[in-house]
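Asker: what's the 3D shape of this:
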Amino acid sequence: MISTVGFRSQAGHRTVQGARQQFVIGKLRCLQHRRNLATATNVELGSSSVSISRTGGAGSFQIFDRHVKRLQRDRAATNAEESRNVDYLRDEVANRLVERLYDINRSYGHVLDLGAGACHLARALHRPHPGLDPFASRIKHLTSAELSSKLLDRDPDSYVIPSESPMKLSRLAQDEETVLLAPPSQGGLFESNTFDAVISCGSLHWINDLPAVLSGINRVLKPDSPFLCAMFGGDTLYELRTSLQLAGMDRLGGVSPHVSPLADVRDMGGLLQRAGYRLITIDIDDIIVDYEDVFALVKDLQAMGEANAVLGRRKSLAGLNKDVLIGLEGIYKELHGGAGDGGSGGGAGIPATFRIIYMIGWKEGLGQQQPLKRGSGEVNLKDILGEQGGLG
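Answerer: Predicted structure coming up:
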């Protein structure tokens, strides 16, 4: 499912739209070429590729530098006003995730917000909803856990939640990659079966060992309780990724990763199943943000704390060779330009796509609804779609 809902951010130079996959006919070959390039982020052609190191257990690989990621988030939170100015993306993702919470008709005692950032979810839970009370009225206690204490504490409670809120907010400065891996008897913080729900909004794409984290979330959930997640994945920033690759090949004769590798829908579905989740539901939103130029995009990513943190990375985008930067701007506008004009190619800005993978999985519990066995259906879906003209 691709969302088509759009909005305009507070900053005047950014326009945020719903999913848009319109390109003029003259760009179709370029589109196919850049899609192919987008899968080649680990290619080494005269420059460094992604560095992967093994640490800890037999199956533990390190792709991202968590220390660097914490420092990036710390720096992003140093200027609170500038940091708030780029909240538009994670706030929108949190709002859409809360919309999915309304589909589950229950109340919650204790909920964990894993990778809370600047408490985006806590704010979204208090957003007015047509015909319904804010979702915070259904939660007694929200614990917001975040790697960066500076980002987590960027805003006072009075900015995050209304004074009359029935929901208690606690903040926990802990690395979301490790905080759930062990019970207190093994040096961890949380016992098994602690939370009525675990929610993660826009942070799991920086996790090294996703299978271990997903298993840890399952451990701390109470039986028949949900895990809801929104994470950046798939084609996120494919415009920037492919433009960088083409600029590097053109000016340096090779490509080097400046945009982090991301999981796709099939990856996450399999990981959730292997971690023991039941009744898994996954859908996708594409949020397209229009920027004045590629430098405005990069500036916002850095202000969000979303700069590259891949191990073995070379330079940041800001430190790229001048020739590469000039080539990047030109290639980006040639292949993807036309922001603000519905994709017809006549606009002055550039679009940036953020693909959000939304997931819901349930911890197994007694009396839980079970899916029907494969092949037990009595109605042929092809017949239904054929009657409605869905098959052409």
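
Asker: Would you check how far apart residue 380 and residue 374 are?
Answerer: Per Cβ to Cβ, to the nearest Å, residue 380 is found 14 Å from residue 374. To be clear about C-beta, it is placed using only N, CA and C from the backbone, and glycine gets the same treatment.

Asker: Please apply the same query to residue 247.
Answerer: For residue 247, the distance to residue 374 - Cβ to Cβ - is 48 Å.

Asker: Which one of these two is surrounded by more residues?
Answerer: It is residue 247, of residue 247 and residue 374, that has more neighbours when counted by other Cβ atoms under 10 Å, with 24 against 6.

Asker: What part of this protein, helix or strand, is modelled with the least confidence?
Answerer: Sorting the helices and strands of the chain by mean pLDDT, DSSP states H and E puts helix 28-38 at the bottom, at a mean of 33.

Asker: average pLDDT for stretch 184-202?
Answerer: Across stretch 184-202, pLDDT averages out at 96.

Asker: Next, the distance between the ends of that stretch.
Answerer: The separation between the terminal residues of stretch 184-202, taken as Cα to Cα, to the nearest Å, is 27 Å.

Asker: Same question for that stretch: list its buried residues.
Answerer: 188-190, 194-202 (16 or more other Cβ atoms under 10 Å).

Asker: nearest to residue 242, of the residues you listed?
Answerer: Nearest to residue 242 out of the buried residues of stretch 184-202 is residue 202 (Cβ to Cβ; 22.9 Å).

Asker: Quick check: the gap between the closest one and residue 357.
Answerer: 11 Å.

Asker: intersection of neighbour lists for those two?
Answerer: Taking Cβ atoms under 8 Å, 6 or more residues apart in numbering as the criterion, residue 202 and residue 357 both touch 230-232.

Asker: is it possible to export the residues you listed to JSON lines including pLDDT?
Answerer: JSON lines is the format used below for the shared contacts of residue 202 and residue 357 (pLDDT from 0 to 100):
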{"residue": "230", "pLDDT": "98"}
{"residue": "231", "pLDDT": "96"}
{"residue": "232", "pLDDT": "95"}
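
Asker: could the residues you listed go into a markdown table alongside secondary structure, distance to residue 67 and neighbour count?
Answerer: Shown next, in a markdown table, are these (DSSP: H, G, I helix; E, B strand; the rest coil; distance: Cβ to Cβ, whole Å; neighbours: other Cβ atoms under 10 Å):
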| residue | secondary structure | distance to residue 67 | neighbour count |
| --- | --- | --- | --- |
| 230 | strand | 25 | 23 |
| 231 | strand | 21 | 25 |
| 232 | strand | 21 | 24 |
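
Asker: now for the helix or strand hosting residue 245, which elements pack on it?
Answerer: Following DSSP states H and E, one finds residue 245 within helix 238-251. Identification of packing neighbours for helix 238-251 by 3 or more Cβ pairs under 8 Å, 6 or more residues apart in numbering; DSSP states H and E yields helix 28-38, helix 294-303, helix 322-336, strand 350-363.

Asker: among these, which is the most enclosed?
Answerer: When the helices and strands packed on helix 238-251 are scored by mean count of other Cβ atoms under 10 Å, the highest mean neighbour count falls to strand 350-363 (a mean of 23).

Asker: From the contact count, pick out the helices and strands touching that strand.
Answerer: Helices and strands touching strand 350-363, by 3+ Cβ pairs under 8 Å, 6+ apart, are helix 88-101, strand 226-232, helix 238-251, helix 265-274, strand 277-291, helix 294-303, helix 322-336.

Asker: hey, C-alpha coordinates of it in CSV?
Answerer: Written as CSV, here are the backbone C-alpha positions of strand 350-363 (Å, rounded to 0.1, in the frame of the first residue of the first chain):
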residue,chain,number,x,y,z
ILE,A,350,14.6,18.2,-6.3
PRO,A,351,12.6,15.4,-4.7
ALA,A,352,13.8,13.0,-2.1
THR,A,353,11.9,9.8,-1.4
PHE,A,354,11.7,8.3,2.1
ARG,A,355,10.3,4.8,2.0
ILE,A,356,8.8,3.8,5.3
ILE,A,357,8.1,0.2,6.1
TYR,A,358,5.3,-0.2,8.7
MET,A,359,5.1,-3.5,10.6
ILE,A,360,2.9,-5.0,13.1
GLY,A,361,3.7,-8.4,14.7
TRP,A,362,2.2,-10.1,17.8
LYS,A,363,3.9,-12.1,20.5
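
Asker: what's the average pLDDT for it?
Answerer: Taken as a whole, strand 350-363 has an average pLDDT of 96.

Asker: Direction included, what does that strand pair against?
Answerer: Applying DSSP bridges, strand 350-363 is found paired with strand 226-232 (antiparallel), strand 277-291 (antiparallel).

Asker: what's the angle between the last one and helix 238-251?
Answerer: Using axes from the mean of the first three to the mean of the last three Cα atoms, to 10 degrees, the inter-axis angle of strand 277-291 relative to helix 238-251 is 60 degrees.

Asker: contacting residues around residue 111?
Answerer: Here residue 111 is in contact with 139, 141-143, 195-199 (criterion: Cβ under 8 Å, 6+ apart).

Asker: wait, what's in contact with the closest residue to it other than its chain neighbours?
Answerer: Nearest residue to residue 111, sequence neighbours excluded (Cβ to Cβ, 6 or more residues apart in numbering): residue 197, at 4.7 Å. By Cβ under 8 Å, 6+ apart, the contact set of residue 197 is 108, 111-112, 221, 225-228.
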